[in-house]
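Only the shape, not the letters, is given here:
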């Protein structure tokens, strides 16, 4: 028993000796030295963006094209008919879409006919009286001018067989007391009717043998009222 105790003490002592020797001979742990690095400065790279062409903002209003003021040109009448030396035909501007014709309204009128006719516009109120002698335009042997009587014409084409002319309503040619033709202007607004008239030939023996003949008329609206060089509301002669 005593022997066993001594053996245990011996082993414990041997172990302690081994531990002590190991502690003395083991090199101290190497100190890991961390070399100080300069502080890292974060590099900020400029944001990469795609270069795009900048398109200026366009408002809805800017997208609307500016209206160009161009006079409307529109054919408002194209008719064919038959006349004699005792008849006339009427074409009411109201039926063409113009209840009234205003100073400055412009029309292009073309008449072709197998015999020379008179073309002219009158106040629509006169149409019902066109059968009277005072409202029958004609020529006389002593003058080459149309004798209009009580007719107050505008847009006149005389002896038209192939005639085209543009007219501005409000301009009239009048013969003064000295027999001189002058341009007169007026500010009157009227309902107008256009007349194609073959009756003047009934006053000229040269057309005694003329029977019925064909004609064709075209009226084109070429413009609206524009500022004139005169006062529409004060009719004045232009010399």
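Structure's in. What do you need? Everything numeric in this text was worked out from a predicted model, so none of it was measured.

Can you list the low-confidence ranges for the chain?
1-71, 171-176, 181-187, 226-239 (pLDDT under 70).

quick one: buried residues of the biggest strand by length in it?
For the chain, the strand with the greatest residue count under DSSP state E is strand 106-123. Neighbour-count burial for strand 106-123 flags 106-113, 115-123 (criterion: 16 or more other C-beta atoms under 10 Å). All C-beta spots, glycine's among them, are computed from the backbone N, C-alpha and C.

Check which helices and strands that strand sits against.
Identification of packing neighbours for strand 106-123 by 3 or more C-beta pairs under 8 Å, 6 or more residues apart in numbering; DSSP states H and E yields strand 74-83, strand 154-168, strand 192-197, strand 213-223.

helices and strands around the third one, which ones?
Under the contact criterion of 3+ C-beta pairs under 8 Å, 6+ apart, strand 192-197 touches strand 74-83, strand 88-92, strand 106-123, strand 213-223.

Against which helices or strands is the shortest one packed?
The elements that strand 88-92 packs onto, with contact taken as 3+ C-beta pairs under 8 Å, 6+ apart, are strand 74-83, strand 192-197, strand 213-223.

Strand 192-197 and that strand, what's the angle between them?
If you take axes from the mean of the first three to the mean of the last three C-alpha atoms, to 10 degrees, strand 88-92 sits at 160 degrees to strand 192-197.

How about the longest one?
Here strand 106-123 points in a direction 80 degrees away from that of strand 192-197 (the same axes, to 10 degrees).

which parts of whatever helix or strand comes next after strand 106-123 are buried?
Using DSSP states H and E, the next helix or strand after strand 106-123 towards the C-terminus is strand 138-140. Neighbour-count burial for strand 138-140 flags 138-139 (criterion: 16+ other C-beta under 10 Å).

who does strand 138-140 pair up with?
strand 143-147 (antiparallel) (DSSP bridges).

ok, residues contacting the partner strand?
118, 137-140, 156, 158, 175, 200 (C-beta atoms under 8 Å, 6 or more residues apart in numbering).

Let me have those residues in CSV, adding distance to residue 192 as columns.
Below are the contacts of strand 143-147 laid out as CSV (distance: C-beta to C-beta, whole Å):
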residue, distance to residue 192
118, 16
137, 16
138, 22
139, 24
140, 27
156, 13
158, 18
175, 22
200, 20
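
List just the nearest of these to residue 191.
Using C-beta to C-beta, residue 156 comes nearest to residue 191 of the contacts of strand 143-147, at 18.2 Å.

Tell me, how many residues neighbour the residue lying closest to residue 170 once chain neighbours are set aside?
Distances taken as C-beta to C-beta, 6 or more residues apart in numbering place residue 103 nearest to residue 170, at 3.4 Å, with adjacent residues excluded. Other residues near residue 103 come to 20 when the count uses other C-beta atoms under 10 Å.

Likewise for residue 190?
20.

Could I get the contacting residues of the nearest residue to it once chain neighbours are set aside?
Counting by C-beta to C-beta, 6+ apart, the nearest residue to residue 190 once its immediate chain neighbours are dropped is residue 123, at 4.9 Å. Neighbour list for residue 123: 152, 190-193 [criterion: C-beta under 8 Å, 6+ apart].

make it 10 Å
101, 151-154, 188, 190-193 (C-beta atoms under 10 Å, 6 or more residues apart in numbering).

Turn these into CSV, including distance to residue 214.
Formatted as CSV, the contacts of residue 123 follow (distance: C-beta to C-beta, whole Å):
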residue, distance to residue 214
101, 28
151, 24
152, 28
153, 23
154, 25
188, 34
190, 30
191, 28
192, 24
193, 21
